[in-house]
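# okay, sequence plus prediction incoming.
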Amino acid sequence: DDRHDTTVAEIVARTAPDSELYLASVGDAPTAGRYADAIDWLVENDVDVVVDAGSYFPVANGRTSRITAAAERASERGVVFVTSAGNYANRHWTGESDGDGWVEFPGDSQGNGLAGGNVTSGRVTLRLTWDGDGDYDLYLYRLSNGGERVVAESVRRQSDNDSLPSSESIDVAVPEGRYYVSVYAHEDDGNGTGVRLFSARQTLQYATPEGSVAAPATSENVISVGAYDSATGAIRSYSSRAGGSGRVDIDAPDGYKTAVLGDFRGTSAAAPYVAGTAALMESNGGDLSPAETEQILERTADGDGEVQR
């Protein structure tokens, strides 16, 4: 979304008005290779700070690590890499399979409603990943007066092909209606296996805020930024939370009044504020390493790890 990206740049420029901006595009449907090329180009142009206000859900689980690796390479070459933690606290669920077929959500439910169980439409992007061995299928159902029917599925047989990643994905456009997600575990392969479900666009009826951070914020070498309400100091309900392999290093305010999008909320608004602050630190001649920059930002935040506006 060009408007989103322009607004991110606006916040950086407002925070660090003397900074020079280098803009790199990864396209409407970024691949891990295209993402790595964009980051490498920025590093080759000797930038001091990279800000990525996006979150990525590759079709194959293994490609997430390639995106994270690109961010880590930038950090290793002395570039401060700032990224949004994501707005997935209410779009993420994690649990375990007990190996008896349909995976159960809270209340012994075998379905997790999209949009909190309410009517929705448009693009649906779902990613299911799991740890280690196992073979899971991912289904999207539509509810109607006549019952329910499958509108999309991802049913690769990992148990028959060891080269397949431990993931399933659904990308589909749906008409207005009520939808829910179901997960099926084949035989006992997934008994006790940790399962993670992300819904990139719609909230989930049953959500697990903890561990809802998406790539590249899953890297330990980037500054992962959550969002809080500057009026109340409360962490935004949608702001992704740390847990598992994901971390949130610092929280920053959102809700900026911008020229393009008006009231701009989310971790996409918080991350460029932190990036602009890091650029100001660099312009003051600190010659700080990425780790030192992160330490100072965290140390000078308030007691709750929140950057003040």
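Thanks, I have the structure now. Just so we're clear, the structure is a prediction, and the values are computed from it rather than from any experiment. Numbers count the residues shown, from 1 in each chain.
# low-scoring stretches of the stretch 151-300 of the chain, by residue?
Scanning the stretch 151-300 of the chain for pLDDT under 70 picks out 158-164, 187-193, 245, 286.
# against residue 120, how distant is residue 143?
The spacing between residue 143 and residue 120, counted by C-beta to C-beta, to the nearest Å, is 11 Å. Backbone N, C-alpha and C define where each C-beta goes, glycine included.
# no wait, residue 288
Counting by C-beta to C-beta, the gap from residue 288 to residue 120 is 45 Å.
# one step back: comparing residue 143 and residue 120, which shows the higher neighbour count?
Set side by side, residue 143 and residue 120 show more neighbours around residue 120, with 19 against 16, by other C-beta atoms under 10 Å.
# per-residue pLDDT of the more buried one, please?
Note for residue 120: predicted pLDDT of 98.
# next one: the one 4 residues further on
Residue 124 carries a pLDDT value of 97.
# list the buried residues for the top helix by length along the chain?
Across the chain, the helix with the greatest residue count (assigned by DSSP state H) is helix 267-283. For helix 267-283, the neighbour count (16 or more other C-beta atoms under 10 Å) marks 267-282 as buried.
# excluding chain neighbours, what is closest to the most centrally placed residue in the chain?
Centroid-nearest residue in the chain: residue 214, 3.0 Å away (criterion: C-alpha atoms, centre = their mean). Residue nearest to residue 214 in three dimensions, not counting chain neighbours: residue 55, with 3.7 Å by C-beta to C-beta, 6 or more residues apart in numbering.
# give me the pLDDT for the one you found.
Here, the pLDDT recorded for residue 55 equals 88.
# next one: residue 134
pLDDT for residue 134: 78.
# so it, which state does it fall into?
Look at residue 134: counting by DSSP: H, G, I helix; E, B strand; the rest coil, its state is coil.
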